[in-house]
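Undergrad: Predicted coordinates and the sequence they were generated for:
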Amino acid sequence: MSDNESGIRWDRVRTFGLVAAGVIAIAVLIGWAVPEVPTWQTPEWARDVPDFGPLLTLLALYFIPSIVAIAARHRQVPAIVALNLLLGWTVLGWIGALIWALVRGPAGATVED
C-alpha cells in the first residue's frame with residue numbers, strides 16, 4: 001500500500017516525531033538540568049514560587065495533535081483543536097485528534113483550497 005492509498009502523510013509523522021522530541025528535550029532541560037538548590041540557599045521570596053516546568057511540559061504534550069495539525073496546515077485545524085481541547089483528556093479523544101491531524105484529506109487539499 002503506497003502513501004496515497006493509506007492516507008497517511010509521512011511528512012506529518014516526521015513533524016510529530018520532531019515536535020515530540022522537542023517537547024522531551026525541553027522537559028529534560030527544565031526539569032532535570034536545573035540543579036537542585038538547598039533550601040538554606042534559596043532566597044525567602046523564591047520558596048513560595050511554584051515550579052511550572054512539569055505543568056508546561058504536560059500542556060505541550062496534551063496539545064501535540066493541535067500543534068501537528070497547525071504545522072501541517074490541515075484543512076480541519078479548528079475541529080482538531082476543538083476535539084483535542086474538549087476530549088483530549090479521555091486519551092481516546094487525544095489519539096483520535098492525533099490520527100486526524102496525521103491523515104490527509106482529499107489529494108492535494110490544503111488550507112488555501
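TA: Received, thanks. Residues are numbered from 1 along each chain as shown.
Undergrad: Wait, a helix at Ala20?
TA: Yes. Using DSSP: H, G, I helix; E, B strand; the rest coil, the assignment for Ala20 is a helix.
Undergrad: looking at it, it is touching Pro65, isn't it?
TA: No. Contact status for Ala20 versus Pro65: not in contact, 11.2 Å apart, counting by C-beta atoms under 8 Å. Placement of C-beta: from N, CA and C, glycine included.
Undergrad: quick one, which of these two is more surrounded?
TA: Set Ala20 next to Pro65 and count neighbours by other C-beta atoms under 10 Å: Pro65 wins out with 27 against 15.
Undergrad: per-residue confidence at the more buried one?
TA: Pro65 is assigned a predicted lDDT (pLDDT) of 91.
Undergrad: Helix, strand, or coil at it?
TA: Pro65 - assigned by three-state DSSP - is helix.
Undergrad: got the contact list for it?
TA: Shown in contact with Pro65 (C-beta atoms under 8 Å, 6 or more residues apart in numbering): Ile80, Leu83, Asn84, Gly88, Trp94, Ala97, Leu98, Trp100, Ala101.
Undergrad: Tell me which helix or strand the third one sits in.
TA: So the one you mean is Asn84. Taking DSSP states H and E as the criterion, Asn84 maps to helix 77-87.
Undergrad: Remind me what that helix packs against, helices and strands.
TA: helix 64-71, helix 92-102 (3 or more C-beta pairs under 8 Å, 6 or more residues apart in numbering; DSSP states H and E).
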